[in-house]
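sequence and predicted model, in that order:
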Amino acid sequence: KAGVTQTPRYLIKTRGQQVTLSCSPISGHRSVSWYQQTPGQGLQFLFEYFSETQRNKGNFPGRFSGRQFSNSRSEMNVSTLELGDSALYLCASTTRPSGGNEQFFGPGTRLTVL
Amino acid sequence: ILNVEQSPQSLHVQEGDSTNFTCSFPSSNFYALHWYRWETAKSPEALFVMTLNGDEKKKGRISATLNTKEGYSYLYIKGSQPEDSATYLCAFIVVAVSNFGNEKLTFGTGTRLTIIP
């Protein structure tokens, strides 16, 4: 069974631009969560999608948005990029939203904002 | 704001020695505690998901215990090997208060373990 895939793996953007990151979950997994990791910080929860609906959202500004498609693939978008948005963005999938299910992480997208 | 604390932040252990580290979390409305191992240049990988007070889980040389009443979990590694070098993350989740409640994993900053050959 293929694992979680994320594209692109690396991205360089400039301030003010926007970016879209993609995540394909493990086949059969319908829940996708997104996390941001910056140096010195733990994984910060961005949002979770299940069956094309956002179930939960972390404490991030409205510039961060996401969506999920009928095939469970998910995208996250960051508009008006700031230097502080430079981070590793991880997505994780699980069968359904439940704190009792382990999450399967993708390799991440490393975003650098110049 | 729900916080999870992990200690120590980093640890150097001689190959063959055993070690352990701690994850502390708020004990109220507890639902589950996760442990992940994150090796450099790889994705975080789940080790354990624990839900019951007093739970003990084991995977090879790695084991974990859970105390939900006092809000802590220990991760133990017996006979450390170089391949155990990684950052170990814990994350907890509280009981949802509604259909769209607090069901989100809150991660600690991790314990970075280095095994010295």
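Nice, thanks for sending it over. Residues are numbered from 1 along each chain as shown, chains lettered A, B, ... in the order given.

SS state for B:E83?
helix (DSSP: H, G, I helix; E, B strand; the rest coil).

nearest residue to it in space, please, no chain neighbours.
Nearest-residue entry for B:E83: B:I115, 7.9 Å, with adjacent residues in sequence omitted and distances by Cβ to Cβ, 6 or more residues apart in numbering or on different chains. Every C-beta, even on glycine, is put in place using the N, C-alpha and C of the backbone.

try A:E52
Closest to A:E52 by Cβ to Cβ, 6+ apart is A:Q68, at 4.8 Å.

so how many other residues sit close to that neighbour?
Using other Cβ atoms under 10 Å in any protein chain shown, A:Q68 has 23 other residues around it.

pretty sure it is touching A:W34, no?
No: assessed by Cβ atoms under 8 Å, A:Q68 is found out of contact with A:W34, at 10.4 Å.

where does the prediction get shaky in the chain?
Just so you know, I chose chain A. The model of chain A has pLDDT under 70 over residues A:1, A:98.

oops, wrong one, chain B.
Applying pLDDT under 70 to chain B flags the ranges B:1-2, B:96-103.

let me see the ranges of the helices in it.
With helices called from DSSP state H, chain B shows none.

which residues does the residue nearest to B:E83 contact?
B:12-15, B:80-85 (Cβ atoms under 8 Å, 6 or more residues apart in numbering or on different chains).
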